[in-house]
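> sequence isn't available, so here's the structure alone:
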């Protein structure tokens, strides 16, 4: 069966976002450089439509491999956009412009119904109002045998961790301390989680730690 | 100048000890297997007087290297023993028997004065009542140009982190979740800490992450 893969960047003290997340500061305070390792890569630039350069090497390879066999993505509403409450008339269509970098179905967890939204390049956003398990089921149905990517953010990641639905996690561990904010493993029943290492890859300024969940 | 090295094992969710530490359960609840990677090695057994076996390989090499150039050790009173308050008449002489595994001067941070305690094999315990900075100064004076090891536990580690006195840290990251307890990076001014990676070594069931503090 297709696996649910969770890729997430954390600080060395375990935070995925700093305190006081806001529209102006979606990653919270102090987390500006948390994703530098990814956004500077050639692969990240290319999927966001910038073919002008970017770093190749270990971090680029790890990121490319993470997206290699993905047929659908799940994300929380906060990752899809800053809009809260019911979807308005001029609804938000995501952070990514007309041609989002997914090129496959994306399931957005929300409390508010909305019709599917088809974008250029093969990305369609489906809005799921009946919870994490349903979103995963729907994503698997359309993933064509490929894996499903759990995109985040932290709250949705914790929901899937708590429900023991994740098959593999890759933590991109960055040597920064945030000191406050949202932790990856908050609200998770620690005793229930059993992990087995898959691989460790040391990239420049980030360590990529991949584990399998033993169920 | 000789460096202050901090070697510490943490769970994947950042804990160095579980909740409810006690005499019967010095590492707290749920942390029984946190140090398995170390205690099963040939090096660990050998320095504790057991020459009968133990695992060789990556974890053994990492542990041996960590102790290779150490001329003195600093530890907190809780790591030295379970005794609290003033030292009694039949004073506690450490967990390690007559011939402790250090074979060099060990500085124990305490609020209660006590005469130095000489053991077999070159280990002498000195009891320091005037704080972390003084202990480090004294340790460097007798380390013979070698590095000083900060042994822990968590509270003393946090004191040295907060005072920005550590030169290098090696975090032995174990794929366990504890969910509660004492975190390595609690009570540390995160904004002040700047780290540069030295190396990452993937051992069986543990990842060894070594960083330098940029001052």
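Done, it's in. Values in this document were obtained by computation on a predicted structure and should not be read as measured data. Numbers count the residues shown, from 1 in each chain, chains lettered A, B, ... in the order given.

> buried set for the helix or strand of chain A with the lowest mean pLDDT?
Between all helices and strands in chain A, the lowest mean by mean pLDDT, DSSP states H and E belongs to helix A:77-80, at a mean of 89. Neighbour-count burial for helix A:77-80, counted by 16 or more other C-beta atoms under 10 Å in any protein chain shown, picks out A:77, A:78, A:79, A:80. The C-beta positions use only the backbone N, C-alpha and C, and glycine is treated the same way.

> for the last one, give me its contacts.
With C-beta atoms under 8 Å, 6 or more residues apart in numbering or on different chains as the criterion, the residues that contact residue A:80 are A:92, A:94, A:95, A:108, A:110, A:125.

> now for those, which pair is the farthest apart?
A:95 and A:110 (15.3 Å; C-beta to C-beta).

> those two: which has the busier surroundings?
Neighbour count, other C-beta atoms under 10 Å in any protein chain shown: between residue A:95 and residue A:110, residue A:110 has more, with 18 against 11.

> what about the closest residue to that one other than its chain neighbours, distance to residue B:170?
Spatial nearest neighbour of residue A:110, excluding adjacent residues (C-beta to C-beta, 6 or more residues apart in numbering or on different chains): residue A:77 at 4.4 Å. Counting by C-beta to C-beta, to the nearest Å, the gap between residue A:77 and residue B:170 amounts to 40 Å.

> ok, the residue at the greatest distance from the centre of chain A to residue A:83 distance?
Relative to the C-alpha centroid of chain A, counting by C-alpha atoms, centre = their mean, residue A:89 is the outermost residue, at 27.0 Å. Residue A:89 is 12 Å from residue A:83, where distance means C-beta to C-beta.

> go on, residue A:61?
35 Å.

> these two touch, right, residue A:96 and residue A:48?
Yes - the pair residue A:96 and residue A:48 passes the contact test of C-beta atoms under 8 Å, sitting 7.4 Å apart.

> between the two, which one's more packed in?
Ranked by neighbour count (other C-beta under 10 Å), residue A:96 and residue A:48 place residue A:96 first, with 18 against 15.

> please name the residues that touch the more buried one.
Contacts for residue A:96 (C-beta under 8 Å, 6+ apart) come out as residue A:48.

> swap in the one 5 residues further on?
Residue A:101 makes contacts with A:47, A:48, A:49, A:123, as judged by C-beta under 8 Å, 6+ apart.

> kindly recompute the last result at 7 Å.
With contacts defined as C-beta atoms under 7 Å, 6 or more residues apart in numbering or on different chains, the neighbours of residue A:101 are A:47, A:48.

> same question, residue A:214
By C-beta under 7 Å, 6+ apart, the neighbours of residue A:214 are A:194, A:195, A:196.

> which neighbours in the sheet does the following helix or strand past the least confident helix or strand of chain A have, and how are they oriented?
Note on helix A:77-80: by DSSP states H and E, the next helix or strand toward the C-terminus is strand A:105-109. Strand A:105-109 pairs in its sheet with strand A:70-76 (parallel), strand A:124-128 (parallel), by DSSP bridges.

> give me the contact list for the next helix or strand after the last one.
Secondary structure here is assigned by DSSP H and E; on that basis, the next helix or strand after strand A:124-128 toward the C-terminus is helix A:132-142. Helix A:132-142 is contacted from outside by A:2, A:4, A:72, A:74, A:105, A:107, A:109, A:126, A:128, A:148, A:159-160, A:163, A:165, using C-beta under 7 Å, 6+ apart.

> please list all residues in contact with the residue nearest to the spatial centre of chain A.
Residue closest to the mean C-alpha point of chain A, counted by C-alpha atoms, centre = their mean, is residue A:151 at 1.9 Å. Residues in contact with residue A:151 (C-beta under 7 Å, 6+ apart) are A:73, A:74, A:75, A:79.
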